[in-house]
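# Here's a sequence, model it:
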Amino acid sequence: MSETCACSTVLFVCRGNLCRSPMAMALLQNRLKNESRSERVRVDSAGYYDWNPFSREAHPFARRALTQLCGIDLLIDHQAKQWTPEIVACATLIVVAEEWMRDDFHPCRVMTMRELAGMKGDVEDPYGHDYAVYVACAREIDELIRRGMSHLLGGA
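Model prediction:
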């Protein structure tokens, strides 16, 4: 994360930063490649867990699911990290995977992944499930992002 907050920053948050939030981050970054305002939008992800001293890559099924959807491993360099007040301070919009997570962030800057598309509820955690569940989760997140681009680009 840069020291300045000159551009709009979307922060995706889930529990471990291994599945949902990195998939959302990568899918939005992939979509932004074709947007004229993409250079003014930063995308980041974080989770609730501190994995130190162990580095944690994105879950292998999350990586495979995005490769299947996008034709490229968008999470090859991802390392899970815990959200911090500094990361949150630079976020223009915080998008959480589950409704209970909203309570940890300023209400004017947070929404759920499903709220991007005008829906309620959680994006279920695929962790511990089989590959097909990861693919379904990635597709759901991609559709929510597609439908919520106006929210995601609102500050750009």
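
# Now the longest helix along the chain: buried residues?
Longest helix in the chain by number of residues, with DSSP state H as the criterion: helix 131-147. In terms of neighbour count (16 or more other CB atoms under 10 Å), helix 131-147 has its buried residues at V133, Y134, V135, C137, A138, E140, I141, D142, L144, I145. Bear in mind the C-beta positions are built from the backbone N, C-alpha and C, glycine included.

# What residues of the lowest-mean-pLDDT helix or strand in the chain count as buried?
Within the chain, judged by mean pLDDT, DSSP states H and E, the helix or strand with the poorest mean is helix 149-152; its value is a mean of 90. Neighbour-count burial for helix 149-152 flags H151, L152 (criterion: 16+ other CB under 10 Å).

# Then stretch 41-54?
Judged by neighbour count (16+ other CB under 10 Å), stretch 41-54 contains these buried residues: V41, R42, V43, D44, S45, A46, G47, Y49, W51.

# can you name the farthest residue from the center of the protein?
The centre of the chain is farthest from one residue, P53, which by CA atoms, centre = their mean lies 22.9 Å away.

# in what helix or strand does that one lie?
Here P53, judged by DSSP states H and E, is contained in no helix and no strand.

# quick one: the helices in this protein?
Under DSSP H, the chain gives helices at 20-32, 60-70, 85-89, 131-147, 149-152.

# can I get these in a markdown table with distance to R109?
Compiled in a markdown table, the helices of the chain are given as follows (distance: least, CB to CB, whole Å):
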| stretch | distance to R109 |
| --- | --- |
| helix 20-32 | 16 |
| helix 60-70 | 26 |
| helix 85-89 | 8 |
| helix 131-147 | 18 |
| helix 149-152 | 11 |
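
# Between these, which one is closest to R102.
With respect to R102, and counting by CB to CB, the nearest of those is helix 85-89 at 12.8 Å.
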